[in-house]
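**Q** 3D model of this:
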Amino acid sequence: MKKITLLLALIPSLLFAQEKGVNFQQDLSWEQVKAKAKAEHKYIMMDCYTTWCGWCKYMDKNIYPLDSVAQMANAQFISIRVQYDSSANDNQQVKDYYQLAHEFADKYNVHAYPTFLFFDPNGAILQKAVGASMDGTSFMKVLADAQNPDKQYYALLKKYNEGDKKPEFLKTMALAADASFDPKVASKASSEYIATQKDLYTKDNLTFISQFTQSSKDKGFDIMLNHPDKVDAVMGAGSADKIVQGIIMKEEVFPVIFPAHVKAKDLQEPNWTAIQTNVQAKYPSKADEVMSYSKVVFYENKSDWNNFATAVVAYMKSYGSSATNDQLNDFAWNVFQNCSDMTCVAQALDWSKKSFDGNNNPAFIDTYANILYKMGKTDEAIQWETKAAAQDQSLQGTLDKMKKGEKTWD
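**A** Next up, the predicted model:
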């Protein structure tokens, strides 16, 4: 009997010893969370997630169980997870937070997931961090920043609203607002910072301007559009054009060719002539390249591979010299996967080879090897895929298929 009693007495401590990971207080109301945080002199961390969010699940599986993360989070924070969507399977605890989730989504602009909101023990907002962390060290920095008044977004925002307009603070404010997905403050603070700079064509200033040039109304757009030579001299050839063209497509083309709420498979052939006329009137020097690339994007999204092949070959013939490595690889991979015209596939081989020239990216080498394989150049394909697999073990399966003579494309 004594042995049984002793064993029963040990069960709570054994269970406690086996607990791992961040301790989320799922059985407490918001008021109880604040009371607990106040009593224990801790901050509050709210993980804002949705049922469909893949990166939220990544955090659950790969980050929260880490001992280093758990030790820091459990020592400094009262942590809760709040679901920001609704589903038929929601339990009462999830439903109890519906109203608060709706309120915080509007109040703190929570529209990307996961988002982490950090509060003081009284429930006053301190910090907002958006997006998953890939490793424990990165997430521990998020936790550390949430406790640092010099990094806390809402402490910076208070200082900004009280009138601090020193240039370095404006820069810090703009970057913090951008990281916190607060576009209005980011745009305003970045414009104010740019206005304080006497020389806009330094590496630091152009890097900053590039980050905050999101529309044709931004100061940076005028700089990129009208002074590309000065920008490219500092940032590299084609840097200004990439930003300008991206904004033109976002504002003038994509709203027309990708109507809201229309599925990709249901997209209708756009009136390309009308779109070109509009773009030509506003941006005559950019219209032809913008339209050529827009067609590539449209047919790729619609999975119309016959028209995609025609469009991408035309684009590469005229503007291939300005394509980025990512674009080259993307074009080549789509041709490999979806085009039966071997003439087109052979052209894609050249694009693919350029994509990893000087960088040896294993994903890009894999594309090149697959195209060689589809063209019947098996020995050469295996040689290149061996190089790719040596850097990225996930490619070993493709290499094995090549050695067995199996198809590597859908």
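**Q** Distance check, the residue sitting nearest the centre point of the chain against residue 319.
**A** Relative to the mean C-alpha position of the chain, the nearest C-alpha, by Cα atoms, centre = their mean, is the one of residue 131, at 7.9 Å. Residue 131 sits 32 Å away from residue 319 when distances are taken as Cβ to Cβ, to the nearest Å. Where C-beta positions appear, they are placed from N, C-alpha and C, glycine not excepted.
**Q** now do residue 209
**A** According to Cβ to Cβ, residue 209 stands 24 Å off from residue 319.
**Q** Looking at those two, which is more packed in?
**A** Neighbours per residue (other Cβ atoms under 10 Å) separate residue 209 from residue 319, with residue 209 holding more: 25 against 16.
**Q** what's the average pLDDT for the helix or strand harbouring the more buried one?
**A** Remark: residue 209 resides in helix 203-211, with elements defined by DSSP states H and E. For helix 203-211, mean pLDDT rounds to 97.
**Q** and the helix or strand just after it, how far from the chain's centre?
**A** Using DSSP H and E, the helix or strand that directly follows helix 203-211 along the chain is helix 219-226. Going by Cα atoms, centre = their mean, to the nearest Å, the spacing between the C-alpha centre of helix 219-226 and its chain's C-alpha centre is 25 Å.
**Q** what inclination does helix 219-226 have with respect to helix 203-211?
**A** Interaxial angle, helix 219-226 versus helix 203-211 (axes from the mean of the first three to the mean of the last three Cα atoms, to 10 degrees): 100 degrees.
**Q** Would you mind writing the CA trace of the next helix or strand after helix 219-226 as CSV?
**A** Remark: after helix 219-226, the chain's next helix or strand is helix 228-235, criterion DSSP H and E. Once side chains and other backbone atoms are set aside, the C-alpha atoms of helix 228-235 remain, and they are given as CSV (Å, rounded to 0.1, in the frame of the first residue of the first chain):
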residue,chain,number,x,y,z
PRO,A,228,16.7,55.1,-63.6
ASP,A,229,20.3,55.8,-64.7
LYS,A,230,21.2,57.3,-61.3
VAL,A,231,19.4,54.5,-59.4
ASP,A,232,21.0,51.7,-61.5
ALA,A,233,24.4,53.2,-61.1
VAL,A,234,24.1,52.5,-57.3
MET,A,235,21.7,49.5,-57.2
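**Q** So for helix 228-235, what gets flagged as buried?
**A** Residues 228, 231, 232, 234, 235 are the ones in helix 228-235 that count as buried (16 or more other Cβ atoms under 10 Å).
**Q** is it true that residue 62 lies in a helix?
**A** Yes. The assignment for residue 62 (DSSP: H, G, I helix; E, B strand; the rest coil) places it in a helix.
**Q** Just give the number of residues close to it.
**A** With neighbours defined by other Cβ under 10 Å, the count for residue 62 comes to 16.
**Q** What separation do you get for it and residue 100?
**A** Computed as Cβ to Cβ, the residue 62 to residue 100 distance reads 27 Å.
**Q** ok, which stretches of this structure are strands?
**A** Using DSSP state E, the strands of the chain run over residues 43-49, 77-83, 115-119, 125-130.
**Q** For residue 213, which of these is the nearest?
**A** strand 125-130 (20.3 Å; Cβ to Cβ).
**Q** Please compute how far the closest one lies from its chain's middle.
**A** The chain centroid and the centroid of strand 125-130 are separated by 18 Å under Cα atoms, centre = their mean.
**Q** got the angle between it and strand 115-119?
**A** Compare the direction of strand 125-130 with that of strand 115-119 by the same axes, to 10 degrees and you get 170 degrees.
**Q** what are the pairing partners of strand 125-130, and which direction each?
**A** Based on DSSP bridges, the strands next to strand 125-130 in the sheet, each with its direction, are strand 115-119 (antiparallel).
**Q** give the contact list for residue 84.
**A** The contact partners of residue 84, by Cβ atoms under 8 Å, 6 or more residues apart in numbering, come to 48, 49, 50, 101, 105, 110, 113.
**Q** Distance of it relative to residue 366?
**A** Here residue 84 is placed at a distance of 37 Å from residue 366 (Cβ to Cβ).
**Q** who wins for proximity to residue 188 among the strands of the chain?
**A** In this view, these are compared for proximity to residue 188 by Cβ to Cβ, and strand 125-130 is the closest at 17.3 Å.
**Q** May I see the buried residues of the closest one?
**A** Taking 16+ other Cβ under 10 Å as the criterion, strand 125-130 shows 125, 126, 127, 128, 129, 130 as buried.
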